[in-house]
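Visitor: Predicted model and sequence below, questions to follow.
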Amino acid sequence: MLVTLEGLDGSGKTTVWEALYDAYPDAVFTREPTNDSWYGEAVYRSIEDDDADPLAELFLYTADHAAHLSRVVEPALERGDLVISDRYSDSRFAYQGATLERSDRVDLEDPLEYVVDIHDSFTIPPDLTVYLDLDPETAAERAGTTNKFERAEYLETVRDNYERLLECDPDRFVRVDATQEPETVLEEVSGVLESVLEGSGLE
Ligand SMILES: Nc1ncnc2c1ncn2[C@@H]1O[C@H](COP(=O)(O)OP(=O)(O)O)[C@@H](O)[C@H]1O
Ligand SMILES: Cc1cn([C@H]2C[C@H](O)[C@@H](COP(=O)(O)OP(=O)(O)O)O2)c(=O)[nH]c1=O
């Protein structure tokens, strides 16, 4: 089973992901961008570059996703493991959808849909996606505005895109209020995960 954590920078994904280690010692904990491959390194170089070409950046992230799928996600799912990923395809749909919408690099009617379509032929959709919902101002504050993606104004567009994704796929997404105390957020996420795993017989 593939479970992903999504949300704005600073929404608390990594905090939850790390806290789940103890509860699911046999699960495969992974993340995007990857942090153990040259594909991921290329992505992080792009994140640090304020003048990165938005289209090139989309394909760098997508290349990292392709490698992540073949090297980590697919083998783990074939073994029957539980995979918990801190960010996954929805991050591309929401973030690169927003970047392309705000740039005149390519003339696209619907940038988010364009990014979704690129993934269609090869990605593996998650079974469950926990969306940590947080307003862009608090998100930017918590994240410390250290890179170009962490500015509140940009995060507004990213959040709108996440909302579209939730609306299109209500069965896959579970929204969790990320303004709550960390312990409460973790309790809610653990509860959701437990009931989905029970339902799947994987527990
Ligand atoms: N529920 C919460 N309430 C307040 N602060 C939080 C909460 N969850 C995480 N934080 C803090 O916010 C910052 C960003 O959290 P992090 O888990 O790294 O978010 P993300 O991985 O989504 O960017 C960290 O300093 C973390 O301690
Ligand atoms: C996976 C992914 C991340 N990102 C962005 C979100 C983050 O600002 C940045 C790095 O991701 P990450 O290290 O997960 O940041 P954070 O822990 O603050 O959420 O990359 C995209 O724009 N597209 C993507 O496909």
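Guide: Okay, I see it. Ligands and ions are numbered 1, 2, ... in the order given.
Visitor: For the nearest residue to Glu137 once chain neighbours are set aside, the count of nearby residues, please.
Guide: Distances taken as Cβ to Cβ, 6 or more residues apart in numbering put Ala152 closest to Glu137, at 5.1 Å, once the chain neighbours are dropped. Placement of C-beta: from N, CA and C, glycine included. Applying other Cβ atoms under 10 Å, we find 17 residues neighbouring Ala152.
Visitor: can you check Arg71 too?
Guide: 15.
Visitor: so it touches Ser37, yeah?
Guide: Yes - applying Cβ atoms under 8 Å as the test, Arg71 and Ser37 come out as touching, 7.5 Å apart.
Visitor: Tell me which residues touch Leu20, please.
Guide: Leu20 is in contact with Ala27, Phe29, Ile84, Leu186, Val189, Ser190, Leu193, counting by Cβ atoms under 8 Å, 6 or more residues apart in numbering.
Visitor: secondary structure class for the second one?
Guide: This means Phe29. At Phe29 the chain is in strand, as set by DSSP: H, G, I helix; E, B strand; the rest coil.
Visitor: Same question for the third one.
Guide: Classification of Ile84 using three-state DSSP returns strand.
Visitor: contacting residues for it?
Guide: Residues near Ile84 by Cβ under 8 Å, 6+ apart: Val3, Thr4, Leu5, Trp17, Leu20, Tyr24, Ala27, Val28, Phe29, Thr30.
Visitor: Is it possible to get CSV of those that adds distance to ligand 1 and pLDDT?
Guide: Formatted as CSV, these follow (distance: Cβ to the nearest ligand atom, whole Å; pLDDT from 0 to 100):
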residue, distance to ligand 1, pLDDT
Val3, 15, 98
Thr4, 13, 98
Leu5, 8, 98
Trp17, 7, 96
Leu20, 12, 97
Tyr24, 17, 96
Ala27, 18, 98
Val28, 18, 98
Phe29, 13, 98
Thr30, 14, 98
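Visitor: nearest to Glu113, of those residues?
Guide: Thr4 (19.7 Å; Cβ to Cβ).
Visitor: and that closest one, how many neighbours does it have?
Guide: Neighbour tally, Thr4, other Cβ under 10 Å: 27.
Visitor: Return the distance of it relative to ligand 2.
Guide: Distance of Thr4 to ligand 2, given as Cβ to the nearest ligand atom, to the nearest Å: 10 Å.
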